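In: A predicted structure for the sequence below; I have some questions about it.
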Amino acid sequence: MQHIDLPLLPPCDVRPVRILFVCLGNICRSPAAEGVLRAIVQQHGTEAQWEIDSAGTGDWHIGDLPDRRMRLHARNRGIELNHRCRQVRESDFDHFDLIIPMDHSNMRNLHNMAPTTEAAGKILPMAAFLDSSARYDHIPDPYYEGSEGFELVLDLLDDAVGNLYRTVTARRQD
């Protein structure tokens with residue numbers, strides 16, 4: 001994992017850190033990342049220190065559950081994805097401390113939406129949290145893939161989201 005310059009985060013005793021994961025339709029990658037982080041914070045008993053959500057840059061699936069295949073693959077790992085899909089809103093830039101896109105296109109879309117330079121500074125790519133041994137510079141969209149694509153995304157997210165959790169936790173305790 002590369003060195004990551006996080007924006008200013010609130011101390012643990014002030015309020016929860018607010019994380020928004022973003023992909024295109026909010027049906028595969030971002031709700032999976034949300035589910036993985038929820039499982040990690042539950043495992044550590046730190047739910048009160050986190051506010052976790054996900055959204056899409058597109059509006060095709062608003063109100064839907066995540067993709068059935070992603071829910072199935074996540075459930076096989078003990079992760080339930082109950083999120084209802086939504087689209088990124090401008091107010092998300094005020095509310096969330098970190099906005100984490102899954103790929104370059106999502107990142108570009110978020111930068112175009114950011115109302116201020118400060119808001120754009122909250123955008124950090126998910127791939128920045130991947131271990132350096134990963135061959136990926138983004139989290140690939142599994143939508144048109146078979147089971148292997150969904151498993152790959154969950155493997156990448158296990159790695160990256162685990163690193164995100166450790167990075168943010170260490171930063172907030174400094």
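Out: Arrived safely, thanks for sending. Just so it is clear, the structure is predicted and the values come from calculations on it, not from any experiment. Residues are numbered from 1 along each chain as shown.

In: pLDDT below threshold where in this protein?
Out: By pLDDT under 70, the low-scoring segments of the chain are 1-3, 12, 174.

In: buried residues, the biggest helix by length in the chain. List them.
Out: Secondary structure of the chain per DSSP state H: the longest helix is helix 147-173. Neighbour counts using 16 or more other CB atoms under 10 Å place 149-150, 153-154, 156-161, 163-165, 167-169, 172 of helix 147-173 among the buried residues. The C-beta positions use only the backbone N, C-alpha and C, and glycine is treated the same way.

In: which strands and helices sit next to that helix?
Out: With contacts defined as 3 or more CB pairs under 8 Å, 6 or more residues apart in numbering; DSSP states H and E, the packing partners of helix 147-173 are strand 17-23, helix 29-44, helix 68-75.

In: start and end of stretch 47-67, how far apart?
Out: 25 Å (CA to CA, to the nearest Å).

In: same check, this time on stretch 41-55
Out: Using CA to CA, the span of stretch 41-55 from its first residue to its last is 20 Å.

In: what do you get for stretch 38-49?
Out: End-to-end distance (CA to CA), stretch 38-49: 11 Å.

In: need the contact partners of it.
Out: Taking contacts as CB atoms under 8 Å, 6 or more residues apart in numbering, the residues outside stretch 38-49 that touch it are Cys12, Pro16, Val17, Trp50, Ile52, Gly78, Ile79, Val161, Gly162, Tyr165, Thr169, Arg172.

In: for it, the distance to its chain's centre please.
Out: In this view, stretch 38-49 has its centroid 15 Å away from the chain centroid, taken as CA atoms, centre = their mean, to the nearest Å.
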